[in-house]
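>>> Build the 3D model from these lines:
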Amino acid sequence: MIQINLSSSQKQKIESLHYNAIYNNLGKKKSLNKTIEDTFDIKYTVKDFLIGNANKLKEILADYRNLSEEKQEEFKSAFDPYFLNQYKNKLAVTPKKTEDIYTYQNEKYNAYTLCEMLDINICPYCNKNAIVTIADSDNDIFTRPTLDHFLDKATYPFFALSLYNLIPSCHICNSHIKGSIPFEIDTHIHPYFDDFNKIKEFGVDNILLSLVHKESDFKIVFKDKKNISSSAKIKADNHIKDFGLETLYASHKDKVLELVDFSRAYNEDAFENLVNTFKGSTEIFKDTNDVKRLLLGHHVENENIDKRPLNKLVKDISEQLGLLR
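Down below sits the predicted model:
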């Protein structure tokens with residue numbers, strides 16, 4: 001639901017460490033490269049499988065599917081169970097098992113390192129549940145987001161270690177809801193490559209928000225934004241259906257009612273007055289967005305929509321109520 005936005009420097013640093021830490025610690029790198037080169041006529045290398053972007057992953061998949069069934073199985077056997085064991089026994093282990101962690105130039109690397117570098121605290125699939133990363137060796141406290149294989153690792157073991165196939169997510173979305181549902185880059189929203197926020201918005205069905213008074217008056221639904229492509233709509237609709245988002249968000253009708261009540265009590269002039277009241281002395285509020293963030297308890301800017309649970313719901317409904325311009 002929420003895009004994972006990385007700065008160019010952040011992206012470069014993560015890609016470099018991910019690739020070098022894993023590749024330099026692979027015991028079968030030469031044979032893997034040879035298998036890849038022989039299968040795809042020197043078109044790809046292990047690097048493409050470890051840090052390839054959306055276009056590269058889609059290209060590899062297209063070429064793989066053009067192989068005969070026998071060739072597909074032969075290619076998969078080079079990575080299964082080797083890449084699957086690498087993921088389970090080296091990338092996914094806790095930092096206290098130092099003998100199993102990837103290292104590159106004296107820098108340790110595993111799933112905890114990746115999650116810390118990504119600095120994502122809210123599940124990008126649902127924007128509902130917190131996903132924190134803690135690696136406290138002194139107190140023996142270790143927790144991190146689950147890493148969902150967007151393209152499932154049983155079907156595509158050669159993508160088991162692919163950076164952009166590892167989606168930090170909450171346990172509910174990953175294990176209890178998505179599970180083994182087949183996802184494809186062309187059929188579902190990919191948090192690294194797609195921006196759900198530009199395709200869909202929260203709303204309510206068959207009633208004006210301003211007329212809502214109780215939970216039985218409405219259902220929380222998703223509506224299409226203007227000028228979206230048919231392919232984007234299909235991916236977003238599949239995302240909503242397969243993650244059961246309308247069902248998940250049905251438990252947050254109280255938040256919508258709070259916003260409706262809030263809109264009846266405040267308007268833009270009230271926000272401006274609060275800014276002006278403190279401008280001459282303490283400058284508690286720099287602008288009306290500061291006021292709204294404090295009073296709403298949520299970020300209201302697109303670039304900060306990933307900072308707190310339910311930010312998208314609050315932002316979308318607030319815009320429709322006229323609380324945000």
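>>> Mind jotting down where the helices sit in this protein?
8-23, 29-40, 46-51, 54-65, 69-77, 82-86, 111-118, 171, 230-242, 245-249, 253-265, 268-279, 288-296, 311-320 (DSSP state H).
>>> which of these sits most buried?
Mean neighbour count (mean count of other CB atoms under 10 Å) peaks for helix 311-320 among the helices of the chain, with a mean of 22. Placement of C-beta: from N, CA and C, glycine included.
>>> so what secondary structure elements neighbour that helix?
Packing partners of helix 311-320 (3 or more CB pairs under 8 Å, 6 or more residues apart in numbering; DSSP states H and E): strand 200-204, helix 253-265, helix 288-296.
>>> 6 Å - rerun?
strand 200-204, helix 253-265 (3 or more CB pairs under 6 Å, 6 or more residues apart in numbering; DSSP states H and E).
>>> could you dump these to TSV with mean pLDDT and distance to residue 186?
Below are these laid out as TSV (pLDDT from 0 to 100; distance: least, CB to CB, whole Å):
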stretch	mean pLDDT	distance to residue 186
strand 200-204	97	18
helix 253-265	92	33
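>>> pLDDT weak spots in the chain?
Within the chain, the segments meeting pLDDT under 70 span 97-99, 279-283.
>>> Nearest the geometric middle of it, what residue?
Closest to where the C-alpha atoms of the chain average out (CA atoms, centre = their mean) is residue 124, at 3.2 Å.
>>> Residue 190 is nearest to which of the helices of the chain?
helix 54-65 (6.8 Å; CB to CB).
>>> any idea how this structure splits into domains?
Partitioning the chain according to automatic domain parsing yields domains covering residues 8-178, 196-320.
>>> now the first one, how far from the chain's geometric center?
What it means is domain 8-178. 15 Å (CA atoms, centre = their mean, to the nearest Å).
>>> And stretch 303-318, by the same measure?
For stretch 303-318 - counting by CA atoms, centre = their mean - the centre lies 14 Å from the chain centre.
>>> Please work out which residues outside that stretch touch it.
2, 122, 127-128, 201-202, 256, 259, 296, 298-300, 324 (CB atoms under 6 Å, 6 or more residues apart in numbering).
>>> Export the helices and strands packed on helix 311-320 to JSON lines and append columns for distance to residue 101.
Listed next are the helices and strands packed on helix 311-320 as JSON lines, based on distance: least, CB to CB, whole Å:
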{"stretch": "strand 200-204", "distance to residue 101": "39"}
{"stretch": "helix 253-265", "distance to residue 101": "41"}
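>>> Those: which one's closest to residue 134?
Using CB to CB, the helices and strands packed on helix 311-320 put helix 253-265 closest to residue 134, at 27.4 Å.
>>> about what we covered before: what's the closest of the contacts of stretch 303-318 to residue 64?
After measuring the contacts of stretch 303-318 against residue 64 - CB to CB - the closest member comes out as residue 2, at 29.5 Å.
>>> hang on, the earlier thing: nearest to residue 188 among the domains of the chain would be which one?
Judging the domains of the chain by CB to CB, what sits closest to residue 188 is domain 196-320, at 5.0 Å.
>>> hmm, back to that, including distance to residue 220, could the helices of the chain go into TSV?
TSV is the format used below for these (distance: least, CB to CB, whole Å):
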stretch	distance to residue 220
helix 8-23	33
helix 29-40	46
helix 46-51	38
helix 54-65	30
helix 69-77	42
helix 82-86	39
helix 111-118	29
helix 171	23
helix 230-242	11
helix 245-249	5
helix 253-265	6
helix 268-279	25
helix 288-296	17
helix 311-320	8
